[in-house]
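[1] predicted structure and sequence below. I'll ask about it afterward.
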2 protein chains.
Amino acid sequence: MEQRKKVSEAVVKRLPRYYRHLSQLLEGNIDRISSNGLAKRMNITASQVRQDLNNFGGFGQQGYGYNVKILHSEIGNILGLGQELTCVLIGAGNLGHAVANYTNFERRGFKIKGIFDNNPAIIGTQINNITVQSVEKLVSFIKTNNIKIAMLTLPANSVRELIDTIVAAGIKGIWNFSYLDMELPSNVALVNVHLSDSLMTLAYKINEIELLKKLEESV
Amino acid sequence: MEQRKKVSEAVVKRLPRYYRHLSQLLEGNIDRISSNGLAKRMNITASQVRQDLNNFGGFGQQGYGYNVKILHSEIGNILGLGQELTCVLIGAGNLGHAVANYTNFERRGFKIKGIFDNNPAIIGTQINNITVQSVEKLVSFIKTNNIKIAMLTLPANSVRELIDTIVAAGIKGIWNFSYLDMELPSNVALVNVHLSDSLMTLAYKINEIELLKKLEESV
């Protein structure tokens, strides 16, 4: 367990990819895979695969490779996917609809128990068989249903008003799509998905490729 | 320009955040800001700010701080936002709707020119005043409209069939929401948004906090 403290953010971010590829292998009835095979699927090097998995004690056997079922299950445990991860979705706009209808999450153990919004026109409507409730009911809902995760798909200003309340209500993790760079107590986990930022990163990369091309042409 | 080659992925990923905060400062009519002030807004250290911006030549003046307007414009240029970034959105499901309706992108110069799907029931419908077309028309549309970016909000299997075609048609960058780890020619930029992976990373972080707490309690 002590090893867990040292795992870098970069490795943590790759773990879900391992899990995803191992899920696909399992679905294809593949029993074992070499670090080379796994690396090739993931567009990384075999040495990277071995190094990453060594962070958690290895799992591989030389000359045999990895047992797909065991490795899948172990990484699932490391990711904390063994349990039901109860969620509330706050913000029932377009993005909220997309997230609520994303069946992949439920397969991983993430279960959206309630959907909330502050727009009277949306409250009472149904998304994926869940009735949208008023945010006023959020705190009691989180407490009663032992909700672990809040998915925030609403604008930054609304998030700012809510954040202290949901943290005090006992939320353990926040999946934040809003453009609010929030500061949270150290016992609450945070993962941001900033779609505009991601798209701007793409613009940067396109620009960089063009600049390097011009630079090469001018030499 | 030579400096551009050395910029690390981590810095590139922070640039859009700088841009976003500077946009907010501009909207609030703030003329200048110190590295401390900027750092505080972004929950990073002032030394990190100075170090990041030094990658591109600095921009700051000691004792004065940064000129918000100039820095905003410079980072915008570095991000390649000065131009119109023409996009096609491929996949008009829930996620496609969410992306198409995201007004933030257009403010940054990203302009969705066409929306495509392979589902006859969706083709012909309108999203944000754009009529969804058949993917069969994709190649000619990309060429005719000089499209730079393909936003992929469709399942991995459908992406696999399309990817070579759109690259050959001249796409410069791919914003990929599908669970396909693709290999692309070096002159095509790629940014993945893997929502399930992001959510699993959150599960990991929640789990890690709980494990560390138990470990501390057991000491």
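    Sure thing, it's come through. Residues are numbered from 1 along each chain as shown, chains lettered A, B, ... in the order given.
[2] please tell me how far A:Gly37 sits from A:Leu22.
    To A:Leu22, A:Gly37 is 11 Å away according to CB to CB, to the nearest Å. From N, CA and C alone the C-beta is placed, and that goes for glycine too.
[3] actually A:Ala156, sorry about that
    36 Å.
[4] comparing the two, which residue is more hemmed in?
    Neighbour count, other CB atoms under 10 Å in any protein chain shown: between A:Ala156 and A:Leu22, A:Leu22 has more, with 24 against 15.
[5] what helix or strand is that one on?
    Using DSSP states H and E, A:Leu22 sits within helix A:9-27.
[6] restricting to C-alpha, output that helix in PDB.
    Output of helix A:9-27 as PDB, limited to C-alpha atoms (Å, rounded to 0.1, in the frame of the first residue of the first chain):
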ATOM      1  CA  GLU A   9      -0.200  11.600 -12.100                       C
ATOM      2  CA  ALA A  10       0.900  10.500 -15.600                       C
ATOM      3  CA  VAL A  11       0.700   6.800 -14.600                       C
ATOM      4  CA  VAL A  12      -2.700   7.400 -12.900                       C
ATOM      5  CA  LYS A  13      -4.000   8.900 -16.100                       C
ATOM      6  CA  ARG A  14      -2.800   5.900 -18.100                       C
ATOM      7  CA  LEU A  15      -4.500   3.300 -15.800                       C
ATOM      8  CA  PRO A  16      -8.000   3.800 -17.200                       C
ATOM      9  CA  ARG A  17      -6.500   3.200 -20.700                       C
ATOM     10  CA  TYR A  18      -5.000  -0.100 -19.500                       C
ATOM     11  CA  TYR A  19      -8.400  -1.000 -18.000                       C
ATOM     12  CA  ARG A  20     -10.200  -0.100 -21.200                       C
ATOM     13  CA  HIS A  21      -7.900  -2.200 -23.400                       C
ATOM     14  CA  LEU A  22      -8.000  -5.100 -21.000                       C
ATOM     15  CA  SER A  23     -11.800  -4.900 -21.000                       C
ATOM     16  CA  GLN A  24     -11.700  -5.200 -24.800                       C
ATOM     17  CA  LEU A  25      -9.300  -8.100 -24.700                       C
ATOM     18  CA  LEU A  26     -11.600  -9.900 -22.200                       C
ATOM     19  CA  GLU A  27     -14.600  -9.300 -24.400                       C
END
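[7] tell me which residues of it are tucked away?
    A:11-23, A:25 (16 or more other CB atoms under 10 Å in any protein chain shown).
[8] mind checking how far that helix is from the chain centre?
    Helix A:9-27 sits 12 Å away from the centroid of its parent chain (CA atoms, centre = their mean, to the nearest Å).
[9] avg pLDDT for the helix or strand that that helix is followed by?
    Sequence-wise, the next helix or strand downstream of helix A:9-27 (DSSP H and E) is strand A:32-33. Strand A:32-33 carries an average pLDDT of 91.
[10] please apply the same query to stretch A:212-219.
    Mean pLDDT, stretch A:212-219: 77.
[11] ok, stretch A:135-151 next?
    97.
[12] and that stretch, which residues are buried?
    Of the residues in stretch A:135-151, those buried (16+ other CB under 10 Å) are A:135, A:138, A:141-142, A:147-151.
[13] surely A:Pro16 and B:Leu202 touch.
    No: counting by CB atoms under 8 Å, B:Leu202 is not a contact partner of A:Pro16; they are 9.8 Å apart.
[14] returning to what we had before: now narrow the buried residues of helix A:9-27 to whatever sits close to chain B.
    Here is what survives when the buried residues of helix A:9-27 are matched to chain B using CB under 8 Å from any CB of the partner chain: A:12-13, A:15-17, A:19-21.
[15] format those as CSV; extra columns: pLDDT.
    Output for these, formatted as CSV (pLDDT from 0 to 100):
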residue, pLDDT
A:Val12, 82
A:Lys13, 83
A:Leu15, 90
A:Pro16, 90
A:Arg17, 90
A:Tyr19, 91
A:Arg20, 90
A:His21, 92
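[16] now, which of those sits nearest B:Leu215?
    Looking at these and their distance to B:Leu215, the nearest is A:Val12, at 17.7 Å (CB to CB).
[17] pull the contacting residues for that closest one.
    Contacts here follow CB atoms under 8 Å, 6 or more residues apart in numbering or on different chains; on that basis A:Val12 touches B:201, B:204-205.
[18] ok, and of these, which contact chain A?
    Applying CB under 8 Å from any CB to those, one finds that B:201, B:204-205 fall near chain A.
[19] for those, which one is nearest B:Glu161?
    Set against B:Glu161, the nearest of the ones next to chain A among the contacts of A:Val12 by CB to CB is B:Thr201 (29.1 Å).
[20] per-residue pLDDT of the closest one, please?
    B:Thr201 is given a pLDDT of 92.
[21] perfect, I'm done here.
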